[in-house]
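S.K.: Would you be able to build a 3D model of this:
(one chain, ligands or ions: 1)
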Amino acid sequence: MHELSVTQSVVDAIVERMGDAEVAAVCLEIGKLSGVVPDSVRFCFEVVCAGTTLEGARLDILEPGGQARCRDCDGEFALPDLIPLCPCGSANVEITAGRQLRIRSVEVA
Ligand SMILES: [Zn+2]
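M.R.: Next comes the predicted model:
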C-alpha cells in the first residue's frame, strides 16, 4: 500500500527532527494531483504513530487543487486531474501546483 510507506516516511522524518518532543498535531499538504489518498493517510497515520512521540496526535490534511501553466498560450488554469490539457487545446503544459506532499506544520504538545 503506497500510502503506508508515504505516511511512514512522514512520521519518521518528524520523529527524527523533533527528537523527544511530544507532538500534538501535524498538518500535511497533500496535493490533489499527488496520487496519495488523504483518507488512507489518515488511517495509516494512527497505525504508524502508535508507540512513537506522535501517538494520539491530531492530523490535519490540506488538499490544494491542481494548477497548470500553458507553454503555448501562457494561460494559467485549474487542473482537476492528471490529464494536462489547456482550454486552448494545447497539451504543452507545465503542472505548477497540486503534486506536492509536504509537512506544513508540526505542533508540539
Ligand atoms: Zn493554452
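S.K.: And the strands in the protein, which stretches?
M.R.: For the chain, strands defined by DSSP state E occupy the ranges 23-30, 58-62, 66-70, 76-79, 93-97, 101-108.
S.K.: closest to Thr52 out of these?
M.R.: strand 23-30 (8.4 Å; C-beta to C-beta). C-betas here are computed from N, CA, C, even on glycine.
S.K.: re the thing from before, put together CSV for the strands of the chain, with mean neighbour count on each row.
M.R.: Output for those, formatted as CSV (neighbours: other C-beta atoms under 10 Å):
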stretch, mean neighbour count
strand 23-30, 18
strand 58-62, 14
strand 66-70, 19
strand 76-79, 16
strand 93-97, 15
strand 101-108, 13
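S.K.: looking at these, which is closest to the ion?
M.R.: Each of these has some distance to the ion by C-beta to the ion; the shortest is strand 66-70, at 3.0 Å.
S.K.: what's in contact with that closest one?
M.R.: By C-beta atoms under 8 Å, 6 or more residues apart in numbering, the surrounding residues in contact with strand 66-70 are 31-33, 75-82, 84, 86, 88, 90, 92-99.
S.K.: Give the pairing partners of it; include direction for each.
M.R.: If you go by DSSP bridges, strand 66-70 pairs up with strand 76-79 (antiparallel), strand 93-97 (antiparallel).
S.K.: With distance to Gly56 and mean pLDDT as new columns, can these be given to me in JSON lines?
M.R.: Compiled in JSON lines, the strands paired with strand 66-70 are given as follows (distance: least, C-beta to C-beta, whole Å; pLDDT from 0 to 100):
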{"stretch": "strand 76-79", "distance to Gly56": "36", "mean pLDDT": "96"}
{"stretch": "strand 93-97", "distance to Gly56": "32", "mean pLDDT": "95"}
